[in-house]
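Enquirer: below is the sequence, then the predicted model.
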Amino acid sequence: MSSSARILLVEDDEATRNAVARNLEGHGFKVTPSGDVAEALRRWDAERPDLILLDLGLPDLDGATVVRHVRRDATTPILILSARADERVKVATLEAGADDYVTKPFGMDELRARIGALLRRAAGPAADQGGVVTLGPVSLDVAARRVTVNGVPVDLTPREYELLKVMVAQPGRLLTKGRLLRAVWGTAYAGEAHYLHVYVSRLRRKLNAADPDTGADSLITAEPGIGYRISDPTARR
Ligand code: CA
């Protein structure tokens, strides 16, 4: 399996970090390495990765701090890299919202399989087995980070992509402005509704420009004062 998904790798052991990063990059993933919680949280806010690989024993704070912080904002999958015999910490981290764990030493084939499964699941109920969500003419491939309208590629910025990804993972659902802002930009931006307005407009414009005949832009509708939703045309049948 090859993927262009972005992974935040939080691991303080340099040898493990380098080995995991090299292997994943060899399979196409874009890896951001991070050695402690403070750096991981900065990276999370700056880059909004598709998935987080999280060691539990970190030099500054416990890995569960990362889980709690990320879960305030978003449902991004978190896979724990656990070296600990300490079941208590592992369970506490899972209860804080992590999705799965692998125990060190782990095989890279197993790790990539778990990553692939989490990415597909995160793509939401409309995704096919390959993690591709198709809503009318719009298609979003989570592994490839690729968006098309009737097969025509749409060039999106990372935040535009993230906004569309969050919406297509929950087709038909009304997502409040605060929720979208936290998921795409972070809690500090939860009141910046104008951001969202600007980005949704751009997103609609780009979807429409890719193939003006399909009306792809009309898939995203505003609920004035509340938020936005993307519709699933097949769900209306
Ligand atoms: Ca460690």
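Expert: Ah, there it is. Numbers count the residues shown, from 1 in each chain.
Enquirer: CA only for contacts and neighbour counts going forward, please
Expert: OK.
Enquirer: tally of neighbours for T65?
Expert: Here the count is done by other Cα atoms under 10 Å, and T65 has 16 residues near it.
Enquirer: now for it: which residues touch it?
Expert: V37 (Cα atoms under 8 Å, 6 or more residues apart in numbering).
Enquirer: so it is in which element?
Expert: helix 63-73 (DSSP states H and E).
Enquirer: pull up the pairing partners for the next helix or strand after that helix, direction included.
Expert: Next along the chain after helix 63-73, taking DSSP H and E as the criterion, comes strand 78-82. When pairing is defined by DSSP bridges, strand 78-82 lines up against strand 51-55 (parallel), strand 100-103 (parallel).
Enquirer: for those, which one sits closest to V138?
Expert: strand 51-55 (22.7 Å; Cα to Cα).
Enquirer: just how off-centre is that closest one within its chain?
Expert: The chain centroid and the centroid of strand 51-55 are separated by 12 Å under Cα atoms, centre = their mean, to the nearest Å.
Enquirer: what of stretch 212-228?
Expert: 22 Å.
Enquirer: just name the most buried of the strands paired with strand 78-82.
Expert: Highest mean neighbour count of the strands paired with strand 78-82: strand 51-55, a mean of 25 (counted as mean count of other Cα atoms under 10 Å).
Enquirer: can I get that strand in CSV, CA atoms only?
Expert: In CSV, the C-alpha atoms belonging to strand 51-55 read as follows (Å, rounded to 0.1, in the frame of the first residue of the first chain):
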residue,chain,number,x,y,z
LEU,A,51,-3.0,10.6,11.6
ILE,A,52,-0.9,10.7,14.7
LEU,A,53,1.6,8.0,15.8
LEU,A,54,2.1,8.5,19.5
ASP,A,55,4.7,7.1,21.9
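Enquirer: which residues touch that strand?
Expert: 5-12, 63, 76-83, 115, 119.
Enquirer: then stretch 211-220?
Expert: 136-138, 149-150, 152, 203-205, 207-208, 228-232.
Enquirer: could you find the closest non-adjacent residue to K90?
Expert: Setting aside the residues directly before and after it, K90 is nearest to S82 in space (Cα to Cα, 6 or more residues apart in numbering), at 7.2 Å.
Enquirer: and for L163?
Expert: Per Cα to Cα, 6+ apart, closest to L163 is V184, 6.0 Å.
Enquirer: from D217, how far out is the one you found?
Expert: 20 Å (Cα to Cα, to the nearest Å).
Enquirer: related to what we said a few turns ago, for the residue nearest to L163, give me its contacts.
Expert: V184 touches 48, 159, 162-163, 166, counting by Cα under 8 Å, 6+ apart.
Enquirer: what helix or strand is the residue of the chain positioned farthest from its centre on?
Expert: No residue in the chain sits farther from the centre than D213, which is 29.8 Å out by Cα atoms, centre = their mean. Using DSSP H and E, D213 maps to neither a helix nor a strand.
Enquirer: before we move on, back to that, most neighbours out of the contacts of stretch 211-220, which is it?
Expert: L207 (27 neighbours).
Enquirer: that one and V152 touch, don't they?
Expert: No: counting by Cα atoms under 8 Å, L207 stays clear of V152, with 9.6 Å between them.
Enquirer: picking that back up, how about TSV for the contacts of V184, with distance to K104, neighbour count and pLDDT added?
Expert: Below are the contacts of V184 laid out as TSV (distance: Cα to Cα, whole Å; neighbours: other Cα atoms under 10 Å; pLDDT from 0 to 100):
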residue	distance to K104	neighbour count	pLDDT
R48	26	23	96
R159	33	15	95
E162	31	21	97
L163	34	20	97
V166	31	22	97
